[in-house]
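Engineer: Structural data only, the sequence is not supplied:
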Ligand code: SF4
């Protein structure tokens, strides 16, 4: 959080000695506030004043890194609402695994984890971490399970246990140097937690109500443990959302630093559908880590899609390159479809073309990343822009026919486009899902 010149000036010696090359302390403070000078420019700044200024200028929410060498970063969010700027760091999704599973089951879990990848609007969506829960009650079993997960699939791991020994066994054993997130779900003295975090050189998560976690974070800070997450623990979705909202508001609006930590949430009840829905809510409302017992691809893709949607920049439409795309083994007889360069529009068309197994050309017209109807309404997707794009794409030299398929939603353009381009215009389906049947029943290059 940037400090004002006056706030910086209050911490300066106020001697106007000019050793910083500036006539007065106030002028120096103004330069620091505007980024034209660094605090180190004043050789007389006391250590106390420097740490007060460092503390005051720190971001309201701390940045925490989990995992090594493969890692995720959380926190340092700056706004309450996405439209104010954007959300910066998508929450990590950690899939729950019990240490009670035998080695073969853990290896299967790792193999399954690797297959959980979904392609949507040009991105690959995956879960990020394992959440290994100590349900065996044994430190040795926890250590062995952590070793298997790390060996089979080295993604970052959240270690969850009610007691300290299983966390210590895994974090200082097979995961030593790999910065697992240590989440002690039981009530333990802060000194013990701090000792473990320092011994394992790993981030820590503390759970409880707002007052409890705030006090823990302050005490951990005094012990030198700064990489901390907070959690409401196992509680209802309503209480979890309340916790998420209150902590974000306290950190950003009230600048209350003990709650300026990423939040870990748990969606691990016995009902996988409820878990997926709860996890989506937490993703949308500020979670840093979502521990979810959702291995079913349908539930998982719901969570990951919500995350992808919330964490795009609302001021920058997601676009694909406005050019001629080849889908499959195209030939001069392949159909030519036109759409806009809005990612969701383009990939909806592309996925349906792929599913149809009919190789096609797709011409993405530059509409500044807006959808078919939006760009048509704003006159960016009209007969002239499509005709220009057709010409510029060079598709005339690639196909033997002169037929172009336009989206059914802009059927009104067909006559004008035919006049402007000289191509025969076919009106395609209104929804992308109709593309496959359309290609099979309506398309002919002849
Ligand atoms: Fe003030 Fe420090 Fe500059 Fe001296 S060197 S004028 S004390 S800011």
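Structural biologist: On my side now, so go ahead. Bear in mind the structure is a predicted one, so any value in this text is a computation, not a measurement. Numbering: from 1, shown residues only.

Engineer: Nearest spatial neighbour of residue 354, chain-adjacent residues omitted?
Structural biologist: Spatial nearest neighbour of residue 354, excluding adjacent residues (C-beta to C-beta, 6 or more residues apart in numbering): residue 327 at 6.2 Å. Every residue, glycine included, has its C-beta placed from N, CA and C.

Engineer: likewise residue 358?
Structural biologist: Excluding the flanking residues, the one nearest residue 358 by C-beta to C-beta, 6+ apart is residue 439, at 4.5 Å.

Engineer: how much space is there between the residue nearest to residue 354 and residue 339?
Structural biologist: As for residue 327, its distance to residue 339 is 12 Å (criterion: C-beta to C-beta, to the nearest Å).

Engineer: which of those two has more neighbours?
Structural biologist: residue 339 (28 against 20; other C-beta atoms under 10 Å).

Engineer: State the three-state secondary structure for that one.
Structural biologist: strand (DSSP: H, G, I helix; E, B strand; the rest coil).

Engineer: got it, and residue 165?
Structural biologist: Quick answer, by three-state DSSP: residue 165 is helix.

Engineer: Now for the closest residue to it other than its chain neighbours, how many residues are close by?
Structural biologist: Take residue 165 and drop its neighbours on the chain: the residue closest to it by C-beta to C-beta, 6+ apart is residue 139, 4.2 Å away. Residue 139: 20 surrounding residues under other C-beta under 10 Å.

Engineer: One more: residue 438?
Structural biologist: Residue 438 has 20 nearby residues by other C-beta under 10 Å.

Engineer: what does residue 354 give?
Structural biologist: Neighbourhood size, residue 354 [other C-beta under 10 Å]: 15.

Engineer: Would you tell me what helix or strand it is located in?
Structural biologist: helix 343-356 (DSSP states H and E).

Engineer: Report the rounded mean pLDDT for the helix or strand just after that helix.
Structural biologist: For helix 343-356, the following helix or strand on the C-terminal side (DSSP H and E) is strand 360-365. Averaging pLDDT along strand 360-365 gives 97.

Engineer: Stretch 153-173 too?
Structural biologist: Mean predicted confidence for stretch 153-173 is 96.

Engineer: Give me the sheet partners of the strand or helix carrying residue 132 and which way each runs.
Structural biologist: Assigned by DSSP H and E, residue 132 falls within strand 129-133. Neighbouring strands of strand 129-133 in its sheet, by DSSP bridges, are strand 92-98 (parallel), strand 157-161 (parallel).

Engineer: In JSON lines: these, plus distance to residue 55.
Structural biologist: Output for those, formatted as JSON lines (distance: least, C-beta to C-beta, whole Å):
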{"stretch": "strand 92-98", "distance to residue 55": "27"}
{"stretch": "strand 157-161", "distance to residue 55": "28"}
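
Engineer: Quick check: closest non-adjacent residue to the residue of the stretch 201-350 of the chain found nearest the ligand.
Structural biologist: Nearest residue of the stretch 201-350 of the chain to the ligand: residue 255, at 25.3 Å (C-beta to the nearest ligand atom). On the basis of C-beta to C-beta, 6+ apart, the spatially nearest residue to residue 255 that is not a chain neighbour turns out to be residue 60, at 5.7 Å.

Engineer: pLDDT wise, what is the one you found at?
Structural biologist: At residue 60, pLDDT is 84.

Engineer: again with residue 86
Structural biologist: Looking at residue 86, its pLDDT is 87.
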